[in-house]
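# coords please:
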Amino acid sequence: MPKTPAIARHEWFAVVVAFVYFFCVLAAYYVLRPVRDQLSAAVGSTALPIFYLATFIATLLLAPPFGALVARFPRRVFVPLVYLFFILGTIAFIPLFQMQDAIGARLLGSAFFVWVSVFNLFVVAVFWSFMADLFDAEQAHRLFPVIALGGAIGAIVGPLLTKLLNQQLGVSGLLVVSALLLGAAIFAMIALANWGRRHPVAGDERREERIIGGGFLAGAIDTFKSPLMRRMALLMLLGDAVGTVIYALLADYNGAVNLTREARINFQANIDLATNVLQMLLQIGVTRALMVRFGPGAPLVLDGLVKAVMLGLFAAFGGAWIAAVAVLTRASAYGIFKPASDSLYTRVDAETRYKTKNFIDTSVWRFGDVVVTSGLNGVRALGASLPLVAALTVIAAACSARIGWTAARLAEGKPTQTRE
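So this is what the prediction gives:
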């Protein structure tokens, strides 16, 4: 086996700052996630289609202004503006939670569910678009799993902060903590932009000042026109089918065994904590080695197989096994699948990196949520048992492995830029 390439001297600054950047992004999200997810457990998974439909509509409404920002401003301007928007929106919920009795817990909780879901989609999608724009394909194979460790640690610290501060600060205090973390991410992004100006991708030395241009609907159009982007969208839908079914089943289990809001929040925080510890171990021990030696195709296949096996075990054992299924499949999704799939975007142009990738990571993802949760309610209404639901989802996981392999082969057939 060849020796795994080390991080080059000039890359260390960028890797450390990107590591901190992703730490702040995911910690900001995971501080809020248990608060959001306890609502799903409280109302049951049958309400999820309504929540996801509202999230999908909100995502579509935000897509045009995001596309306009990308078209008119360089990345050093539009990326901080996106984060500033989510900081202000998160802070705006503080007085609303203080008026919860007047607004109503169900209405406020539903609005918060939508906000946190949209928050997650955009702040993470923008991060990985920026990473794909900052590094070339060879660097992505070496560095993305290392950078992703920052997110994994942030995803561990986030739920820990929630567990520690939930009783003392309440939801309003958690919102402030999340906003501060996202603010720190802006400073990290600016530092990386300056590094990128000093170490540009060969052949694209003015990338930092580049105006991408194009229409705000370019991402949606390219998703349907490009063979690679069609596969990436399908890969997203298949992964979403697996993740959303597991999320719904876990929400039902949480609601059945935990009868108070605090207990439900703590249960979700524990799931997130276990998931993200395992995610970090996968990134250290599996993903980077596979990507350096075999490229992104191998980890994409492995992720699909892990999900298929775990769902098959759930079909056999059921019950509390859903917690183990959720932990391992979610850890695989973010510890194996995500670094590999996002590395493919280093081989496409800037408009695709920001507009098409963002459309797939936001609108396509949330469209899948609506379809999958509605379909889940439908098959359960027809009398489908949990083992049958799990067996159907195994098919989606197996197809994900196949599509991931073909998408990686197609991407690797494209010309790529390398650094001097």
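# most distant residue from the centre of the chain?
In the chain, residue 102 marks the outermost C-alpha relative to the chain mean, sitting 33.5 Å out by CA atoms, centre = their mean.
# ok, now which ones touch it?
If a contact means CB atoms under 8 Å, 6 or more residues apart in numbering, then residue 102 has no contacts. C-beta here means a position set from N, CA and C on the backbone, and glycine is covered the same way.
# for it, give me the pLDDT.
We have a pLDDT of 77 for residue 102.
# so it, which of the three states?
helix (DSSP: H, G, I helix; E, B strand; the rest coil).
# how far away is it from residue 95?
11 Å (CB to CB, to the nearest Å).
# how about the nearest residue to the most centrally placed residue in the chain, chain neighbours excluded?
Closest residue to the average C-alpha location of the chain: residue 124 at 5.6 Å, with CA atoms, centre = their mean. Among residues not flanking residue 124 along the chain, residue 25 sits closest, at 6.4 Å (CB to CB, 6 or more residues apart in numbering).
# gap between the host helix or strand of the residue nearest to the centre of the chain and the chain center?
Under the criterion of DSSP states H and E, residue 124 resides in helix 105-134. For helix 105-134, the gap between its own C-alpha mean and the chain's C-alpha mean amounts to 9 Å (CA atoms, centre = their mean, to the nearest Å).
# what's it packed up against?
Contacts defined by 3 or more CB pairs under 8 Å, 6 or more residues apart in numbering; DSSP states H and E place helix 105-134 against helix 12-43, helix 48-72, helix 75-98, helix 137-198, helix 338-343, helix 357-359, helix 365-381.
# could you dump those helices to CSV with mean neighbour count and mean pLDDT?
CSV is the format used below for these (neighbours: other CB atoms under 10 Å; pLDDT from 0 to 100):
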stretch, mean neighbour count, mean pLDDT
helix 12-43, 23, 82
helix 48-72, 19, 75
helix 75-98, 17, 85
helix 137-198, 20, 84
helix 338-343, 26, 82
helix 357-359, 26, 76
helix 365-381, 19, 80
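# out of these, nearest to residue 320?
Closest to residue 320 of the helices and strands packed on helix 105-134 is helix 12-43 (CB to CB; 14.7 Å).
# gap between that closest one and the chain center?
Helix 12-43 sits 10 Å away from the centroid of its parent chain (CA atoms, centre = their mean).
# all helices of the stretch 201-350 of the chain, in order?
218-225, 227-257, 261-282, 288-294, 297-317, 321-332, 338-343, 350-351 (DSSP state H, counting those that start in this stretch).
# model confidence over the second one, on average?
Helix 227-257 shows a mean pLDDT of 83.
# heads up, I number from 45, so please use that
New numbering, starting at 45: the last item is helix 271-301.
# from the chain's centroid, how far away is it?
That offset, for helix 271-301, works out to 12 Å (CA atoms, centre = their mean).
# so which other helices or strands are in contact with it?
Using 3+ CB pairs under 8 Å, 6+ apart, helix 271-301 is in contact with helix 56-87, helix 92-116, helix 262-269, helix 305-326, helix 341-361, helix 365-376, helix 409-425, helix 430-456.
# packing partners for the last one?
When contacts are defined as 3+ CB pairs under 8 Å, 6+ apart, helix 430-456 sits against helix 271-301, helix 341-361, helix 382-387, helix 409-425.
# dump the ones you listed into JSON lines; add distance to residue 449 as well.
Below are those laid out as JSON lines (distance: least, CB to CB, whole Å):
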{"stretch": "helix 271-301", "distance to residue 449": "10"}
{"stretch": "helix 341-361", "distance to residue 449": "5"}
{"stretch": "helix 382-387", "distance to residue 449": "11"}
{"stretch": "helix 409-425", "distance to residue 449": "20"}
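# nearest to residue 208, of the ones you listed?
Nearest to residue 208, of all the helices and strands packed on helix 430-456, is helix 271-301, at 20.4 Å by CB to CB.
# may I see the buried residues of the closest one?
Across helix 271-301, burial judged by 16 or more other CB atoms under 10 Å covers 272-299.
# pLDDT score assigned to residue 335?
Reported pLDDT for residue 335: 82.
# which residues touch the nearest residue to residue 343 once chain neighbours are set aside?
Nearest residue to residue 343, sequence neighbours excluded (CB to CB, 6+ apart): residue 384, at 4.0 Å. Counting by CB under 8 Å, 6+ apart, residue 384 makes contact with 331, 334, 335, 340, 341, 343, 344, 347, 448, 452.
# ok, now with 6 Å
Shown in contact with residue 384 (CB atoms under 6 Å, 6 or more residues apart in numbering): 340, 343, 344.
# coming back round to it: among the helices and strands packed on helix 430-456, which is nearest residue 200?
Among the helices and strands packed on helix 430-456, helix 382-387 sits nearest to residue 200 (CB to CB), with 15.9 Å.
# distance from that closest one to the middle of the chain?
On CA atoms, centre = their mean, the centre of helix 382-387 falls 11 Å from that of its chain.
# what do you get for stretch 290-303?
The answer for stretch 290-303 is 21 Å, by CA atoms, centre = their mean.
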